[in-house]
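Engineer: A predicted structure for the sequence below; I have some questions about it.
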Amino acid sequence: MPYTLRDLPQDERPRERLKKYGVESLSLQELLALIIEKGRKGKNVLTLAQELLARFGNLQKLKEASISELQKVEGIGFATACKIKAALALGERALNTREKPEIKITTPRQVFDLLEPELSKKKKEFFKIICLDTRSKVVAIETISVGSLDTSLAHPREIFYSAIKNTAASFIIVHNHPSGDPTPSQDDIEITKKLKKLSEMLKIPLVDHVIIGGQEYYSFKENGVL
C-alpha cells in the first residue's frame, strides 16, 4: 500500500502543521506533499515530494515541466501530475491578477524591461500581446501562443480577439528568440506587416513589435519598420 499523509507522525503531517502554524510555515516540500497526498511503496509522501524537487531543481523548472516529464518520477501518476500542474497554474494566475501599479509604456526599452525577466530564459518562443489604453498605460498582458524551440505560431485572430476583449486603444506584440539573437526572421517580418494592415483596418494601432533575445532586443518601430 502507498504511504499517505496519515502514515506520518502527527507532528510531521503538513495538514496539521498548516492548521496550527499557517501555510507560511510549510516548506516547498510540504506544500507539494499536500498536493501529491500519497507516496509509493517504501517511500512516504514527503520523500516523494523531495524526489520531485530534486529531479527538477527548482519551482520554476517544475512549473515548466510537462505532464509526461512529471510522470517520469516514480510514484507520480497522470492524475497527480495534473494536480501539480493545476496548483502551480493557480498560483501563477493569482500572482498575475493581484492589483498592480499602473505601467505606462512609451519606449521599446520599457517593453524589454517589463518582459525580459520572464522571456529571456524561455526555451520555447512565447508570443505575447500588451494591450494599452489611450494614455499608453498597460491594461493587459496575455500569452497568445507558445511555439517550439525555434518557431512561434501566432494567428491574427487570437491577437485581435485579445485586443478587443481588453478594450485596447492600441497594442504591442512581443516574442522571444530562445537562441539569444533578437534579429527578426522573415516570418517575423511577414506577421508584422500583416498585423499592421489589419490594425489599420480595425483602427486598433499596432504600436510596436519587440523581439527579446537574451539580454538584447529588436524593435520594429525603433528600426523604422513600423
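Structural biologist: Received the coordinates, thanks. Quick caveat, the model's predicted, so the values are computed rather than measured. Numbering: from 1, shown residues only.
Engineer: okay, CA-based contacts and neighbour counts for the rest of this
Structural biologist: Fine.
Engineer: any chance you could map the strands in the chain?
Structural biologist: In the chain, the strands defined using DSSP state E lie at 126-132, 138-146, 170-176, 206-213, 216-219.
Engineer: Tabulate those strands (a markdown table), appending mean neighbour count.
Structural biologist: Output for those, formatted as a markdown table (neighbours: other C-alpha atoms under 10 Å):
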| stretch | mean neighbour count |
| --- | --- |
| strand 126-132 | 24 |
| strand 138-146 | 18 |
| strand 170-176 | 25 |
| strand 206-213 | 24 |
| strand 216-219 | 20 |
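Engineer: which residues pair with the nearest residue to P108 once chain neighbours are set aside across the strands?
Structural biologist: The shortest distance from P108 to any non-neighbouring residue, by C-alpha to C-alpha, 6 or more residues apart in numbering, is to S219 (6.2 Å). Residues in a beta bridge with S219, per DSSP bridges, are V210.
Engineer: For S219, list the residues it contacts.
Structural biologist: 108, 208-211 (C-alpha atoms under 8 Å, 6 or more residues apart in numbering).
Engineer: Could you pull out the buried residues of stretch 37-50?
Structural biologist: Buried residues in stretch 37-50, counted by 16 or more other C-alpha atoms under 10 Å: 37-40, 44-49.
Engineer: What is the nearest of these to D187?
Structural biologist: For the buried residues of stretch 37-50, the minimum distance to D187 (C-alpha to C-alpha) is 42.7 Å, reached by A49.
Engineer: so what's that closest one up against?
Structural biologist: Here A49 is in contact with 29-30, 32-33, 36 (C-alpha under 8 Å, 6+ apart).
Engineer: So which of those belong to helices?
Structural biologist: Judged by DSSP state H, the subset of those located in helices is 29-30, 32-33, 36.
Engineer: Tell me the buried residues within those.
Structural biologist: Of these, these count as buried by 16+ other C-alpha under 10 Å: 29-30, 32-33, 36.
Engineer: for the buried residues of stretch 37-50, which one is nearest I204?
Structural biologist: So of the buried residues of stretch 37-50, ranked by how close each gets to I204 (C-alpha to C-alpha), first place is A49, at 47.9 Å.
Engineer: Skip the chain neighbours and tell me the closest residue to Q215.
Structural biologist: The nearest residue in space to Q215 (C-alpha to C-alpha, 6+ apart) is S120, at 7.0 Å.
Engineer: domains for this protein, by residue range?
Structural biologist: What automatic domain parsing lists as the domains of the chain is 5-97, 108-219.
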